[in-house]
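Participant: Please work out how this folds:
(chains A and B)
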Amino acid sequence: KAGVTQTPRYLIKTRGQQVTLSCSPISGHRSVSWYQQTPGQGLQFLFEYFSETQRNKGNFPGRFSGRQFSNSRSEMNVSTLELGDSALYLCASSSGRQGMREQFFGPGTRLTVL
Amino acid sequence: TQLLEQSPQFLSIQEGENLTVYCNSSSVFSSLQWYRQEPGEGPVLLVTVVTGGEVKKLKRLTFQFGDARKDSSLHITAAQPGDTGLYLCAATSNRDDKIIFGKGTRLHILP
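Facilitator: Next up, the predicted model:
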């Protein structure tokens, strides 16, 4: 099976702009989660989508949003970028079945905000 | 807030030595995962432990889940440079079903 893919791998934006990141999960996986990883805060949960519905949400401002399509592919959007949004954004897929919460991660998108 | 505390934060040892890293919490979890992340890549799942007192082995890596399911340890025997990376533990919060991660142990094995 192909792994989780994320595009783009690297992105440079300026403050105030918006960005959309894309994630394709492992075939058959219906759950997609997004994380922000920074040296100071570690891995922080953004949100989880399951069957096109947001199942859970972390403690991030409303500038961070996401969606999931019928083929389980997911996008994450960040509007009005701030310098502090510079981070590695990781997408992870899982089967989403009850109790099966192992995460299979993509390589991430490195976002730099100037 | 449920937290996973990992220790030590950083560890640098010589090839061939043994080491143990820890993942502790005051909360009880139904399962716990360990991941390894290398620079420029996403974390890779190593193991899931479910039962209190469970011990799982993956070649030179031994994972243990505490009897009370609040803590876990990872022991590496005869460390090799290929073991270098960030080791993360993760668990599902039984309050809100969110997955929480520890901040990780950054391990560096010197050849």
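Participant: Give me the contact list for stretch A:54-66.
Facilitator: With C-beta atoms under 8 Å, 6 or more residues apart in numbering or on different chains as the test, stretch A:54-66 has contacts from A:31, A:34, A:36, A:44-49, A:74-80, B:96-98. Glycine gets a C-beta too; all of them are placed from N, C-alpha and C.
Participant: Let me fix that, I meant to ask about stretch B:7-17.
Facilitator: For stretch B:7-17, the external contacting residues (C-beta under 8 Å, 6+ apart) are B:19, B:21-22, B:24, B:78-81, B:103-111.
Participant: Those residues in strands, which ones?
Facilitator: Counting by DSSP state E, the part of the contacts of stretch B:7-17 found in strands is B:19, B:21-22, B:24, B:105-110.
Participant: Mind naming the longest strand for chain B?
Facilitator: Assigned via DSSP E, chain B shows its longest strand as strand B:85-92.
Participant: Just the buried positions in that strand, please.
Facilitator: Under the neighbour-count criterion of 16 or more other C-beta atoms under 10 Å in any protein chain shown, strand B:85-92 has B:85-92 buried.
Participant: A:Gly58: neighbour count?
Facilitator: 18 (other C-beta atoms under 10 Å in any protein chain shown).
Participant: What is the neighbour count of the residue in chain B that chain A sits nearest to?
Facilitator: Nearest residue of chain B to chain A: B:Gly42, at 3.1 Å (C-beta to the nearest C-beta). By other C-beta under 10 Å, the residues close to B:Gly42 number 23.
Participant: From B:Cys23, how far off is it?
Facilitator: 19 Å (C-beta to C-beta, to the nearest Å).
Participant: Direction included, what does the longest strand of chain B pair up with?
Facilitator: Partners of strand B:85-92 in the sheet, by DSSP bridges, are strand B:32-37 (antiparallel), strand B:99-101 (antiparallel), strand B:105-110 (antiparallel).
Participant: Fine by me, thanks again.
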